[in-house]
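Visitor: what follows is a predicted structure for the sequence shown.
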Amino acid sequence: MIKKMIKNKKMDKLIATLAKNKEIDNVNVPLYNLLDLFKPNIKNINECIIIDNNNEIDIARINFPRLMKMHGDRTGYEATSNEIRINDLIPKAKFKEVLTLAIYTLEQWELLFRSEYPSRKFYLILSCDSEFVTIRFHQIWQEESPWLVDDIEKYNQAIAYKMLT
């Protein structure tokens, strides 16, 4: 999947390094973490797709206009609410293992979104800095700008994304 993603030069370098070092040590990831990661519990909040693995969102109590004020738009709401820092799931893993798990997760999300939401369009986003690997997604809203800027070379982080259309 990473080959089909749009990447900045920093991400290209990381992926090249990962490709050279093909062996991955065994990573101890609790099964419930993998299940939550690969097939997250999703809630539909005013057409926004939001991960709620801890089952904390009470849709009846959501003040959607307030959320839009806080986040700017639905894109901002989804992108910030659907951010997962992979390092938090496997804190003792090596960076290459964390990055590999992030890539596998995005592959699973692509399958999930294509089957569960075939008429919707999404951005799947991978970002890495020297310490953390983060994945997130948001829908493509016609009247809103994507969460990432057009020129991803401007980011200090390694960035890759894929549009599911």
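Guide: All right, it came through fine.
Visitor: what residues sit buried inside stretch 141-160?
Guide: By 16 or more other C-beta atoms under 10 Å, the buried positions in stretch 141-160 come out as 141, 147-148, 152, 157-160. Quick note: C-beta positions are derived from backbone N, CA and C, even for glycine.
Visitor: what's the pLDDT at N26?
Guide: Listed pLDDT for N26 reads 60.
Visitor: for the spatially closest residue to W147 that is not a sequence neighbour, grab the count of nearby residues.
Guide: Distances taken as C-beta to C-beta, 6 or more residues apart in numbering put A79 closest to W147, at 4.0 Å, once the chain neighbours are dropped. By other C-beta atoms under 10 Å, the residues close to A79 number 20.
Visitor: so A79 sits right up against E144, yeah?
Guide: No - counting by C-beta atoms under 8 Å, A79 does not reach E144; the two are 10.6 Å apart.
Visitor: where are the low-confidence patches of this protein?
Guide: 1, 22-32 (pLDDT under 70).
Visitor: and the biggest helix by length in it, C-alpha only, in CSV?
Guide: For the chain, the helix with the greatest residue count under DSSP state H is helix 95-116. The C-alpha trace of helix 95-116 is given here as CSV (Å, rounded to 0.1, in the frame of the first residue of the first chain):
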residue,chain,number,x,y,z
PHE,A,95,10.8,2.3,15.1
LYS,A,96,10.7,0.0,12.1
GLU,A,97,8.1,-2.2,13.8
VAL,A,98,6.0,0.7,14.8
LEU,A,99,6.1,2.0,11.2
THR,A,100,5.3,-1.4,9.8
LEU,A,101,2.3,-1.8,12.1
ALA,A,102,1.1,1.7,11.0
ILE,A,103,1.3,0.7,7.3
TYR,A,104,-0.6,-2.6,7.9
THR,A,105,-3.2,-0.7,9.8
LEU,A,106,-3.8,1.7,7.0
GLU,A,107,-4.1,-1.3,4.6
GLN,A,108,-6.8,-2.7,6.9
TRP,A,109,-8.6,0.7,7.1
GLU,A,110,-8.6,0.9,3.3
LEU,A,111,-10.4,-2.5,3.2
LEU,A,112,-12.8,-1.5,6.0
PHE,A,113,-13.8,1.9,4.4
ARG,A,114,-14.2,0.4,1.0
SER,A,115,-16.5,-2.3,2.3
GLU,A,116,-18.4,-0.3,5.1
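Visitor: since that was my last question, I'll sign off now.
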